[in-house]
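1. build me a structure from this.
(4 chains)
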2 protein chains.
Amino acid sequence: MPKDRNEQILDFAEREIRKNGFDGVSFRDIADAIGVKSASVHYHFPTKAHLGAEVTRRYANRFIEALGSASDPSETSSDRMRRLADGYIEAYKQDTSTCLCAVLGSVVNHLPDETSKEVRAYYVQLQDWVRASLAQSDTTLTPNVVIGAFQGAMVLALSTNDVAPLIEANNHIVSLA
Amino acid sequence: MPKDRNEQILDFAEREIRKNGFDGVSFRDIADAIGVKSASVHYHFPTKAHLGAEVTRRYANRFIEALGSASDPSETSSDRMRRLADGYIEAYKQDTSTCLCAVLGSVVNHLPDETSKEVRAYYVQLQDWVRASLAQSDTTLTPNVVIGAFQGAMVLALSTNDVAPLIEANNHIVSLA
DNA sequence: ATTTGCCTACCTAATGATAGATAGATTCCT
DNA sequence: AGGAATCTATCTATCATTAGGTAGGCAAAT
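-> Numbers count the residues shown, from 1 in each chain, chains lettered A, B, ... in the order given. Okay, here's the model as predicted:
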């Protein structure tokens, strides 16, 4: 029973975008990878803007959901920051590729509108989660500082081919949360 | 007296790469912008790998040079961090585009080898500068944390169309340096 | 005389996207 | 129940455009 075509397409597109950027994946790449013709990919996602938007929306939902509760009273804000860091570290280890929105975010004004809208929506959701996560703490950390630290560490880890920046970001943020 | 062609090409290529990514600029774009034909751009930079490498090398040199001394005894490490932050903030304000190496770094394994080599070299230089800058301080900050914080803040600022993340990163890092 | 810088003209490959056809289900009407 | 209409998912074939890159020529500067 092959996985749903839509998901197959989204899976491959996401992986490729994370590795090569939005312009680094084509309808033909995707088609070849899953064994269909490019016209069939267009059938499922009429334009690249649609495809980018859906890849991003799905990624964002999955990411935020995986973070879990931001207000569980049995947890400290450090616990939550550690979980956030783990999300990034796992993503890095998995296929040495960055957070989707770090790749897309750096060229956000170059993306089709439908796609960039979803990137911005992701950041809003993430800001909300971090804000709520830090609400009970009297830390000087702000949501932007936290998110920036991890995203930057991720790109740095990728560029230098070394997890260290992510580990250091984790230690830094967790100790201050 | 028109500016040296080489520089004209590098100027435009750099601006476009920073806005649109490496795949987001073409030889024809560049040629049109400076009023020549694409073959002439190839005359100056035979391949895109060469072009990317030179854009990056020039950017790196300029950036590191602009940071100034990392060991002037009349300065504190906070002073130096503030200067680093200013570099990023100015780059952002100038044409709302990111640090070149944040854009290239996120897809570093997709770039031609000559180009990615320069990206990695940039990060090594920057790590050295920050390490030296913090040497006299007993801060818990590491070079990776500092660089990651600013790069991440930059992408976040761009994505959310708001300087705030950069300002917050500045405050955060300077206060801990 | 040679080099420098640019041109015209072209090539091959790839891109996003569309048109039209087809086989197989499914749904709907009588 | 049986036939008609429709839907789904794919195909082949093709389009216009753009991509990086090259060959050969021409004029001015050295």
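
2. helices along chain A, start to end?
-> Along chain A, the stretches classed as helices by DSSP state H are A:5-20, A:27-34, A:38-44, A:48-67, A:77-95, A:100-105, A:113-134, A:143-160, A:164-176.

3. could you dump these to JSON lines with mean pLDDT?
-> Below are the helices of chain A laid out as JSON lines (pLDDT from 0 to 100):
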{"stretch": "helix A:5-20", "mean pLDDT": "96"}
{"stretch": "helix A:27-34", "mean pLDDT": "96"}
{"stretch": "helix A:38-44", "mean pLDDT": "96"}
{"stretch": "helix A:48-67", "mean pLDDT": "96"}
{"stretch": "helix A:77-95", "mean pLDDT": "93"}
{"stretch": "helix A:100-105", "mean pLDDT": "95"}
{"stretch": "helix A:113-134", "mean pLDDT": "97"}
{"stretch": "helix A:143-160", "mean pLDDT": "97"}
{"stretch": "helix A:164-176", "mean pLDDT": "98"}
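
4. out of those helices, nearest to B:Lys48?
-> helix A:5-20 (14.9 Å; CB to CB). Any C-beta I mention is one placed from the backbone N, CA and C, and that applies to glycine too.

5. wait, does that closest one contact chain B?
-> Yes - residues of helix A:5-20 contacting chain B under CB under 8 Å from any CB of the partner chain: A:Lys19, A:Asn20.

6. who wins for proximity to B:Ala102 among the helices of chain A?
-> helix A:143-160 (6.1 Å).

7. of the helices of chain A, which is nearest B:Leu158?
-> Going by CB to CB, the one of the helices of chain A nearest B:Leu158 is helix A:100-105, 6.5 Å.

8. out of the helices of chain A, nearest to DNA strand D?
-> helix A:38-44 (3.1 Å; CB to the nearest atom of the strand).

9. dump the helices of chain A to JSON lines, plus distance to B:Leu166.
-> As requested, the helices of chain A are exported to JSON lines (distance: least, CB to CB, whole Å):
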{"stretch": "helix A:5-20", "distance to B:Leu166": "25"}
{"stretch": "helix A:27-34", "distance to B:Leu166": "35"}
{"stretch": "helix A:38-44", "distance to B:Leu166": "38"}
{"stretch": "helix A:48-67", "distance to B:Leu166": "23"}
{"stretch": "helix A:77-95", "distance to B:Leu166": "20"}
{"stretch": "helix A:100-105", "distance to B:Leu166": "14"}
{"stretch": "helix A:113-134", "distance to B:Leu166": "14"}
{"stretch": "helix A:143-160", "distance to B:Leu166": "8"}
{"stretch": "helix A:164-176", "distance to B:Leu166": "17"}
